[in-house]
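1. Need a 3D model of the following:
(chains A, B, C and D)
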Protein chains: 4
Amino acid sequence: MSAGGGARDLAEAGAVLAAEAARFASFGWMRGTSGNLSVVLSRDPLRLAVTASGRDKGELTSADVVLVDERGAAVQGGRPSAEAALHARVAASTGAGAVVHVHTVASVAMGRRKPGGILLRDLEMLKGVGQPAHGVEVRLPVVANSQDMAELGDRLEAARDPRMPAVVVAGHGLYVWGADPRQARHHTEVVEWLLELELTGR
Amino acid sequence: MSAGGGARDLAEAGAVLAAEAARFASFGWMRGTSGNLSVVLSRDPLRLAVTASGRDKGELTSADVVLVDERGAAVQGGRPSAEAALHARVAASTGAGAVVHVHTVASVAMGRRKPGGILLRDLEMLKGVGQPAHGVEVRLPVVANSQDMAELGDRLEAARDPRMPAVVVAGHGLYVWGADPRQARHHTEVVEWLLELELTGR
Amino acid sequence: MSAGGGARDLAEAGAVLAAEAARFASFGWMRGTSGNLSVVLSRDPLRLAVTASGRDKGELTSADVVLVDERGAAVQGGRPSAEAALHARVAASTGAGAVVHVHTVASVAMGRRKPGGILLRDLEMLKGVGQPAHGVEVRLPVVANSQDMAELGDRLEAARDPRMPAVVVAGHGLYVWGADPRQARHHTEVVEWLLELELTGR
Amino acid sequence: MSAGGGARDLAEAGAVLAAEAARFASFGWMRGTSGNLSVVLSRDPLRLAVTASGRDKGELTSADVVLVDERGAAVQGGRPSAEAALHARVAASTGAGAVVHVHTVASVAMGRRKPGGILLRDLEMLKGVGQPAHGVEVRLPVVANSQDMAELGDRLEAARDPRMPAVVVAGHGLYVWGADPRQARHHTEVVEWLLELELTGR
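-> Numbers count the residues shown, from 1 in each chain, chains lettered A, B, ... in the order given. I've put the predicted structure just below:
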């Protein structure tokens, strides 16, 4: 997509996000109308396509997308979710090209059990988020929830482990990111798999 | 749909309910021939389209629907489920435009564990049923089951929390409602998600 | 289908059984090549169409079916599973028109926990297998497994509760029956739902 | 497929492996880009078609396949996974015609609980991996993980029970094999079913 982020780019991004959302919805990770996905269309200025708020995430079309700026304010398209501001902040601070926010039962259940963070170690699946499979303990951070996106963003940045492209928001769900929508999808699948494993106990 | 609730409206409502039922059936929430869905076609007099009884809920057609009155008696179409009376009562007392009744394992399992009601708090997903995500304890009521729809309706009305568009019927399943079939679907997905979360324990 | 059970009837029965098997396979209840389904084509003499042995149950065609007699011996078509004899016996002794045998995790897990039988009570879902929803304790029998179909059939007949169209075979899976393939499907879904509920504990 | 293992054979093998991978991916057993599948194209010299590395396993095409030799080195096609060497070794040492490597939550969870091996007994499903259903205790071996494929292969060969076409790699996943891709699929489904059963406890 061109750096300009025009109407055509936005529709293309909307089509990609709709397909990704339908996939996550089929896993039960976007129940109700929960969650939202984004992809970066330009870096300078920062512009993201974010899925429209309040829609069934299994039924999005390429038009169900909003172009937002670095503060999550709408540049083009309808009303973005308040969480668009957090997508923009994650994209700015991590350099990610795509951000996934889903509400999975395993992430909220594990956030309850391990409010100080979820320690992961000696798991081949860690390679799927760029971590070593052996000998290193990795922390998946858990941050407290907030309705104030600036506050939630501060917590996320403070807690974020640069080696781990994901954060659990307690009582809420997951934020995961990657270089592009496909990598963000794979990171999300890997993190959720790790959480489902930990949920089985030891 | 017009207020008259004619044959064409009934078939349209049947098509909507068949699609919603197939969706819930695919989640395993309508096993056997369990559960039923309804949508209000007129308010005065109250008329609801309710899914026909005894059919596989993944295989309904637009014809598998009955028009019932405020007591759940058939006005048009075949034999309604006895539970149609409860759908009508929920629609009348709550003002809902659509009612979902499904049999989920999580709702019956949690009804057993928490017969006095399921307390929910500090969960972002509560926003999906119009509740605050922070600082307020919300009760998802659990009522005793009955084969007498008047009795079950009395219990449901007595226990119902006006802030929560759902009630668990112990040993039975869920009643959930919303302004229209899509909102009722989203409320159902949110309530079931909350129940699945609570089922993982703490 | 005519009482004669000719080639055309067998192919029709094969098509019905293939569709039912694909449905159960999609639920994960026929992993590997496990399980088999049957439908009665004639009563006197008893003739059943049974799914062919050793095939992937999600990929059956209408030709993947065998016509067997009251002892489970092939009358037409390929090699039947040894379990065809048990299908025939269930059909003869219960009067059922269709028999479902699936390997579900919940049935084997619950058979381990409750080797003397699984007690069920005060569950609306019991109505789905013709039982009262209130006040009566129903036993889902559990019988020991055997590779000798005569022995297993004896155990099944001795343990069978005439009110309950299903038996758990310990370490093995479920036998469920009904008047026709659709009712047998619904009974299977109901019994499995009850087992999944009990597996969540209390 | 001819013993020569030409371009056409490789594309045919790629199509088979893509379909098998999409199936396993739909079960959630190949999250992220995890796992890989192979099929033997010739025995002397040993040549295997192995799924390409780093791709979404639900979206493979017939071109997403690499031809490797007995050491797992590429003979034709792109970059193979390092694990291709283990596929080749399993094929060589067991005589299997197809190898499945998937990352399932149940295999890693059970490998944690039973690091000395998972004992299975008196389960009809054992017949699905060629074991007796009664009276014999079968061990599903668990081996320690390694990034060194020679070391991991040594462990796998040392631990392997010739009666059981599968090994759990601790903290990693499952290796399962069979005479051809369909049998390897069925063995995988059976082993995973057994692990899911054991995970429910007793």
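2. which residues in chain A form strands?
-> In chain A, strands defined by DSSP state E lie at A:36-43, A:46-51, A:65-68, A:74-76, A:98-102, A:118-120, A:138-140, A:142-143, A:166-169, A:173-178, listed in chain order.
3. I'd say residue A:144 and residue A:155 touch.
-> Yes: if you go by C-beta atoms under 8 Å, residue A:144 and residue A:155 touch, sitting 6.3 Å apart. For the C-beta atoms, the positions are set from N, CA and C on the backbone; glycine is no exception.
4. can you count the residues close to residue A:164?
-> 20 (other C-beta atoms under 10 Å in any protein chain shown).
5. Please list all residues in contact with it.
-> Listed by C-beta atoms under 8 Å, 6 or more residues apart in numbering or on different chains, the contact set of residue A:164 reads A:129, A:131, A:138-141.
6. which one of those residues sits closest to chain D?
-> Within the set of these, residue A:129 lies nearest chain D; the separation is 8.2 Å, counting by C-beta to the nearest C-beta.
7. Per-residue confidence, the closest one, what does it come out as?
-> Among the per-residue scores, residue A:129 holds a pLDDT of 97.
8. near chain B, which residues of chain A?
-> Counting by C-beta under 8 Å from any C-beta of the partner chain, the residues of chain A lying close to chain B are A:28, A:31-34, A:56, A:103, A:105, A:108-109, A:112-113, A:145, A:147, A:169, A:171-173, A:199.
9. thinking again about what came up before, please list which of the contacts of residue A:164 also come close to chain D.
-> Counting by C-beta under 8 Å from any C-beta, no member of the contacts of residue A:164 is near chain D.
10. and these as a markdown table, adding distance to chain C and neighbour count?
-> Conversion of the contacts of residue A:164 to a markdown table gives the following (distance: C-beta to the nearest C-beta, whole Å; neighbours: other C-beta atoms under 10 Å in any protein chain shown):
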| residue | distance to chain C | neighbour count |
| --- | --- | --- |
| A:129 | 28 | 23 |
| A:131 | 31 | 20 |
| A:138 | 31 | 20 |
| A:139 | 31 | 16 |
| A:140 | 27 | 24 |
| A:141 | 31 | 18 |
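11. So the residue lying closest to residue A:67 once chain neighbours are set aside versus chain D, what's the distance?
-> Nearest non-adjacent residue to residue A:67, counting by C-beta to C-beta, 6 or more residues apart in numbering or on different chains: residue A:76, 4.0 Å away. Computed with C-beta to the nearest C-beta, to the nearest Å, the distance linking residue A:76 and chain D is 30 Å.
12. Now do residue A:76 against residue A:36, distance only.
-> The gap separating residue A:76 from residue A:36 is 17 Å, by C-beta to C-beta, to the nearest Å.
13. again, but for residue A:126
-> Distance of residue A:126 to residue A:36, given as C-beta to C-beta: 26 Å.
14. Of the two, which one has the most company?
-> Relative neighbour count places residue A:36 above the other of residue A:126 and residue A:36, with 26 against 21, counting by other C-beta under 10 Å.
15. residues in contact with the closest residue to that one other than its chain neighbours?
-> When the adjacent residues along the chain are set aside, residue A:36 lies closest to residue A:51, with 4.7 Å between them (C-beta to C-beta, 6+ apart). When contacts are counted by C-beta under 8 Å, 6+ apart, residue A:51 touches A:17-18, A:21, A:36-38, A:57, A:60, A:64-66, A:81.
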